[in-house]
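Q: Pasted the sequence and its predicted model underneath.
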Amino acid sequence: MEVRPLHPLFAAELVGADLRAAPSAELIDTVEAAMARYGVLVVRGTAIDDAQHKRFARAFGPLELPSRVPGALRPQGTRVFDPELFYAGNLDHNGEIIAYGSEGYKLAQGAERFHTDSSFHTMPTKWSLLLGHETPPPAAGGDTWFADARAAWDDLPQATKARIEPLVGIHDFWEGRRRAGLKGEITPEMRRVIPFPRVDHPLVRTLPSGRKALYIGGHCIGVVGLDPAEGALLVEELYAHATQDKYIYRHRWQQHDMTIWDNRCTMHAATPLLSNAFRRDMRRATINESGAEISAYDWMGLAEA
Ligand code: OGA
Ligand code: MN
């Protein structure tokens with residue numbers, strides 16, 4: 001096995017790993033070490049099924065289970081609901097293409113703003129492992145951008161670091177979606193159907209490696225203790241800083257690619273689909289640092305609407 005850097009700052013490709021077999025201690029150590037250093041790891045040509053995907057993910061932490069949200073408003077739209085995998089592509093539960101930009105797709109377009117998965121809830125998220133079962137051809141859109149929030153932290157002026165390090169960010173699923181371009185007001189009905197409340201997370205995280213990272217992204221809408229407009233402005237300034245070209249690796253998908261990202265120190269963004277002619281079947285296992293395998297709804301005691 002070999003780990004080859006893909007970008008000057010972060011992101012690497014793991015070559016020569018077979019993800020079909022039960023993960024060996026060597027594979028687990030190699031992936032943990034590469035993730036600690038690079039934050040994003042790409043494995044091409046995996047050709048694994050759902051069971052192998054879940055087994056590989058579980059070697060690094062307990063699965064965060066998807067929350068079952070009823071109704072047309074659910075974040076997964078009319079996508080397949082798998083109790084263990086999040087479906088992130090453009091296929092509905094019949095395998096038909098959900099047209100990009102349509103009613104059934106628009107919530108998913110929130111992912112086009114840089115974000116870190118699951119920051120709108122309180123579980124201790126570790127990594128996401130996204131597998132491309134079917135991917136559009138290169139010119140048809142659907143790439144994924146990744147941003148290194150450790151390098152973005154490192155480069156901040158010392159005075160800014162000192163000012164923001166003690167601060168706590170406010171994360172909100174619906175407000176985040178609105179800022180990502182969802183039209184209209186967020187209604188009580190929407191909050192009833194997807195009842196994630198506002199949650200707090202430190203604006204700056206320290207990783208097990210000792211490095212620090214900005215923890216912001218599309219769901220982060222303000223700062224505890226600041227006037228809402230002032231907090232939103234600070235978060236926007238940090239977002240603009242952290243999503244500069246120099247911090248970004250763009251992944252152009254091929255079928256059977258797996259990308260693994262550390263949600264604690266990277267952000268990612270979907271790019272628009274430029275055609276509705278191509279299937280994009282993307283399935284994501286998400287893992288936590290520790291704890292039971294549970295959905296965020298159950299973890300937070302949110303009643304199903
Ligand atoms: C995700 C996600 C982006 C993409 O699965 O969490 O944001 O390009 N995906 O599919
Ligand atoms: Mn995501």
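A: Received, thanks. Numbers count the residues shown, from 1 in each chain. Ligands and ions are numbered 1, 2, ... in the order given.
Q: Give me the number of neighbouring residues for residue 86.
A: Each residue near residue 86 was counted by other CB atoms under 10 Å, and the total is 23. Just so you know, the C-beta spots here come from the backbone N, C-alpha and C atoms, and that holds for glycine as well.
Q: ok, what's across the strand from it?
A: residue 284 (DSSP bridges).
Q: I'd like to know how far it sits from ligand 1.
A: Separation of residue 86 from ligand 1 (CB to the nearest ligand atom, to the nearest Å) stands at 6 Å.
Q: go on, residue 10?
A: Counting by CB to the nearest ligand atom, the gap between residue 10 and ligand 1 amounts to 17 Å.
Q: can you pull up the bridge partners for the closest residue to that residue other than its chain neighbours?
A: Excluding the flanking residues, the one nearest residue 10 by CB to CB, 6 or more residues apart in numbering is residue 148, at 4.1 Å. When assigned by DSSP bridges, residue 148 has beta-bridge partners residue 266.
Q: surely residue 148 meets residue 39?
A: Yes. Counting by CB atoms under 8 Å, residue 148 does reach residue 39; the two are 6.0 Å apart.
Q: so who does residue 50 touch?
A: 82, 85, 283 (CB atoms under 8 Å, 6 or more residues apart in numbering).
Q: Most proximal residue of the stretch 201-305 of the chain with respect to ligand 2?
A: Minimum separation of the stretch 201-305 of the chain from ligand 2 (CB to the ion) falls at residue 268, amounting to 5.7 Å.
Q: tell me which element that residue is part of?
A: Using DSSP states H and E, residue 268 sits in strand 266-270.
Q: who does that strand touch, helix- and strand-wise?
A: For strand 266-270, the contact count by 3 or more CB pairs under 8 Å, 6 or more residues apart in numbering; DSSP states H and E identifies strand 144-148 as packing neighbours.
Q: Packing partners of the strand it packs on?
A: strand 248-251, strand 258-262, strand 266-270.
Q: out of those, nearest to residue 55?
A: Nearest to residue 55 among the helices and strands packed on strand 144-148 is strand 258-262; the distance by CB to CB comes to 12.9 Å.
Q: Partner strands of the closest one, with direction?
A: Counting by DSSP bridges, the strands paired with strand 258-262 are strand 40-43 (antiparallel), strand 125-134 (antiparallel).
Q: returning to what we had before: out of the contacts of residue 50, give me the one that has the most neighbours.
A: Across these, neighbour numbers were computed from other CB under 10 Å; residue 85 holds the maximum, 23 neighbours.
Q: Excluding residues flanking it in the chain, which one is nearest that residue?
A: Closest residue to residue 85 in three dimensions, ignoring its sequence neighbours and counting by CB to CB, 6+ apart: residue 283, at 4.7 Å.
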